[in-house]
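[1] the following comprises the amino acid sequence and a computationally predicted model.
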Amino acid sequence: MIVFRAPEDVPAGFGPSVVAIGKFDGVHAGHRALVERARVNAAPAGLTVAAVTFDRNPLSVLRPDLCPENLVGVTQKLQLLAETGIDATLMLRFDEKLAVLPAEDFVDRVLVRALRARTVLVGADFRFGHRGAGTPELLRTLGAERGFDVDVIDDVRAIDGDRRVSSTWIRELLADGDVETAGKLLGRAPSVLGEVVHGLKRGRELGYPTANLTTDLEGFVPADGVYAGWLVDEDTAHGLRPGIRYAAAISVGTNPTFDDVPRRQVEAYVLDETDLDLYGHVVEVQFVHCIRGMVAFEGIEPLKAQMADDVHRVRAALS
């Protein structure tokens, strides 16, 4: 997948294309439905498939007080979009300049001149342009004048409860530690991405050495607790690409037994590995099943006994 960072980066002659537009926070089942429809629409005529998205939530510029935490970072978003099989992504920097760009100028600059759109796909709640003046209806009007069609894609809804699949719902689930349901809505295990850094080495002293992730990581960290999941070692020597996957017992929290970790952290014990050197590696930690909540123990021995039980339950959950 080709990545462009501005309309001016798109080479002359790109397209013609079918374009899916959205924030794509999480690239969840609803987003994937949009992208899949774009691929289907493009196939008969052999058109290029492109996504247009943003490097941050527009609310971080427009209404920072209302902006939620992102489900994924930019690196994760691009990786997930690439996995859908599309040809290109235009990752726009959402800043004050873009925020005041009139809807008509957005269409002309991005969709018409840069991507040579023939069909544009959006969700029913899509808004664009200065003060959100651009609606799907306006997009249809502009498309009729400029030579592209507009397809508004219906929401994807859960069978139980008929709730719309959304990034908001997934955040709620992760905040409650329900990584399994969140994974169903995402179509994959929820995950975080970050560099392995040196910690207090307490896990090693207890017989369970962990890979401690930097607190400056990508992705939404679920509720404090212990999870079964996977650690994927990402080889960054020649660009981000999937590496080796390890079964892992994952801890999220501030280590209440010792009360010496000031900020929430993610650490993963790779099952049956006591000398794995991942310092400096970028790793993805995937959360599959919640084992238990985070509690403080009265002493080292109860903690070690619980950790042994955690590992046993993690092994069973991933088998």
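    That came in fine, so what should we check first?
[2] contacts and neighbour counts: CA atoms only from here.
    Noted.
[3] shaky segments in this structure?
    200-207, 235-242, 256-262 (pLDDT under 70).
[4] tell me which residue is most central in it.
    The residue lying closest to the centre of the chain (CA atoms, centre = their mean) is residue 72, at 2.9 Å.
[5] other SSEs contacting the strand ranked longest in the chain?
    If you go by DSSP state E, the chain has its longest strand at strand 282-293. Helices and strands touching strand 282-293, by 3 or more CA pairs under 8 Å, 6 or more residues apart in numbering; DSSP states H and E, are helix 179-186, strand 191-197, strand 225-234, helix 300-318.
[6] what pairs with it, parallel or antiparallel?
    Strand 282-293 has these partner strands in its sheet, going by DSSP bridges: strand 191-197 (antiparallel), strand 225-234 (antiparallel).
[7] picking up where we left off before, my read is the residue nearest to the centre of the chain is in a strand, agree?
    No - per DSSP: H, G, I helix; E, B strand; the rest coil, residue 72 lies outside any strand segment and is coil.
[8] next, count neighbours for the nearest residue to it once chain neighbours are set aside.
    Spatial nearest neighbour of residue 72, chain neighbours left out: residue 219 (4.1 Å); criterion: CA to CA, 6 or more residues apart in numbering. Neighbours of residue 219 under the rule other CA atoms under 10 Å: 24.
[9] got the phi/psi numbers for residue 219?
    Reported as degrees, to the nearest 10, the phi and psi values for residue 219 are phi 110, psi 160.
[10] now do the contacts for it.
    70-73, 76, 191-193 (CA atoms under 8 Å, 6 or more residues apart in numbering).
[11] will you turn these into JSON lines that also has distance to residue 175?
    Converted to JSON lines, those look like this (distance: CA to CA, whole Å):
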{"residue": "70", "distance to residue 175": "13"}
{"residue": "71", "distance to residue 175": "11"}
{"residue": "72", "distance to residue 175": "14"}
{"residue": "73", "distance to residue 175": "17"}
{"residue": "76", "distance to residue 175": "19"}
{"residue": "191", "distance to residue 175": "13"}
{"residue": "192", "distance to residue 175": "14"}
{"residue": "193", "distance to residue 175": "18"}
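[12] from these, pick the one nearest residue 55.
    residue 73 (8.2 Å; CA to CA).
[13] leaving out chain neighbours, which residue sits closest to that closest one?
    Closest to residue 73 by CA to CA, 6+ apart is residue 218, at 4.7 Å.
[14] give the contact list for the one you found.
    72-76, 192-194.
[15] now the closest residue to residue 293 other than its chain neighbours, which residues is it bridged with?
    Leaving out its chain neighbours, the residue that sits closest to residue 293 by CA to CA, 6+ apart is residue 225, at 4.1 Å. As for beta bridges, residue 225 partners with residue 252, residue 293 under DSSP bridges.
[16] and residue 225, how far is that from residue 178?
    The spacing between residue 225 and residue 178, counted by CA to CA, to the nearest Å, is 11 Å.
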